[in-house]
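>>> sequence plus predicted model, see below.
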Amino acid sequence: MTGFRRIGVLAHPTRPQSAPLAERIAGGLAVRGLDIWQFARWTDDDARARMIGTDLVIAIGGDGAMLRAARVCAPSDVPVLGINMGHLGFLTEIRDPDAWEMHLDAVLNGTYWIERRMMLRLHLWRADHDAPALTADALNDVVVSRGAFAGVAHFDAYIDDGWISRYHADGLIIASASGSTAYALACGGPILPPELRTILMVPVAPHLSLDRPIVLPEGAKVAVEIAPDRAIAAALTADGTHVGELHPGDRLRVEASPHVSQFIRLRERSYFYRSLLDRLEPRISLPSPGGEEG
């Protein structure tokens, strides 16, 4: 047996069908003599309060559930094992929820490895204030966008306090390597392996301005301000969740978070490329040794 003695089970709060599976998993682990806690419906504060002494969290749902679990587990260095009951499930590890027992036995027997992924931290300063009004972490990306404004937004971008460009665009994505295969990919960004500790900048629908993605080292600090010629309120999201607004005179700064997300993996270490390509293109059937297609 591994050192996993206290395990949390998080069902998807908005998918009732995940609650019975969470019950079965919690019961199956409890009969093994493990210390189990479980939530069918939960807030971030609920989960954080249980992290002390927790060795592993099992998150049930899709990528949204994994992003949320990663954010609450990372500050306590608790790894996450994902069971897919969503649509894409790119971050989850167990793709067939009916096979959970076999996979959990493998984890408890030590047949796994831990994938560590860099996270981002955002700070939002209001005009003429010395302390940040908002601080939050994200695994995938931080996005500033024109929100309800009908025209093209103008964003001034800085790297390490040096001005680099004024983007005329619908928005600006600041992503981790994990986020390179999410919104950033849809906007023409590069595919980055999740173990890279980099920061990616990708404009959304740029118009007559810098239209190329920029890849930055882990230690870089990216800042964004509303250009003075466009007095709009821009929407600010972290991992797809609205967290606030960027007003003229405010400054958004994004950098590497001190926390790192950890995911339990059972597949081979090269899984990322095959998993991604399976979603981007139809799987090609390779000929069998006898010459017939398999």
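Nice, I can see it.
>>> beta partners for the closest residue to Ala30 other than its chain neighbours?
In space, and not counting its chain neighbours, Ala30 is closest to Ile36: 5.0 Å by C-beta to C-beta, 6 or more residues apart in numbering. Just so you know, the C-beta spots here come from the backbone N, C-alpha and C atoms, and that holds for glycine as well. Ile36 forms beta bridges with Ile7, as assigned by DSSP bridges.
>>> could you give the number of residues near Ile36?
17 (other C-beta atoms under 10 Å).
>>> return the residues in contact with it.
Contact analysis of Ile36 by C-beta atoms under 8 Å, 6 or more residues apart in numbering lists 6-9, 26, 29-30.
>>> distance of it from Ala11?
In this view, Ile36 and Ala11 are 13 Å apart by C-beta to C-beta, to the nearest Å.
>>> cool, and Leu56?
16 Å.
>>> who's more crowded, those two?
Neighbour tally, Leu56 and Ala11, criterion other C-beta under 10 Å: the higher count belongs to Ala11, 28 against 24.
>>> report the contact partners of that one.
Each residue near Ala11 by C-beta under 8 Å, 6+ apart is listed here: 18-19, 21-22, 38-42, 60-61.
>>> figure out the helix or strand that the nearest residue to it once chain neighbours are set aside lives in.
Nearest non-adjacent residue to Ala11, counting by C-beta to C-beta, 6+ apart: Ala22, 3.9 Å away. Ala22 is part of helix 18-30, with elements assigned from DSSP states H and E.
>>> to the chain's geometric centre, what's the distance from that helix?
Here helix 18-30 is found 25 Å from its chain centre; the criterion is C-alpha atoms, centre = their mean, to the nearest Å.
>>> tell me the helices and strands packed up against that helix.
strand 6-10, strand 35-39, strand 56-61, helix 100-108 (3 or more C-beta pairs under 8 Å, 6 or more residues apart in numbering; DSSP states H and E).
>>> determine the number of other residues adjacent to Leu277.
For Leu277, the neighbour count with other C-beta under 10 Å is 13.
>>> in CSV, list the contacts of Ile36 along with pLDDT.
Shown next, in CSV, are these (pLDDT from 0 to 100):
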residue, pLDDT
Arg6, 97
Ile7, 98
Gly8, 97
Val9, 97
Ala26, 96
Leu29, 95
Ala30, 96
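>>> ok, of these, which come out buried?
Among the contacts of Ile36, those scoring as buried are 6-9, 26, 29 (criterion: 16 or more other C-beta atoms under 10 Å).
>>> endpoint to endpoint, stretch 82-92 covers what distance?
End-to-end distance for stretch 82-92: 4 Å, by C-alpha to C-alpha, to the nearest Å.
>>> I should have written stretch 44-56 there, sorry.
Terminal residues of stretch 44-56 are spaced 16 Å apart (C-alpha to C-alpha).
>>> how far off centre is that stretch?
Mean-position distance between stretch 44-56 and its chain equals 19 Å (C-alpha atoms, centre = their mean).
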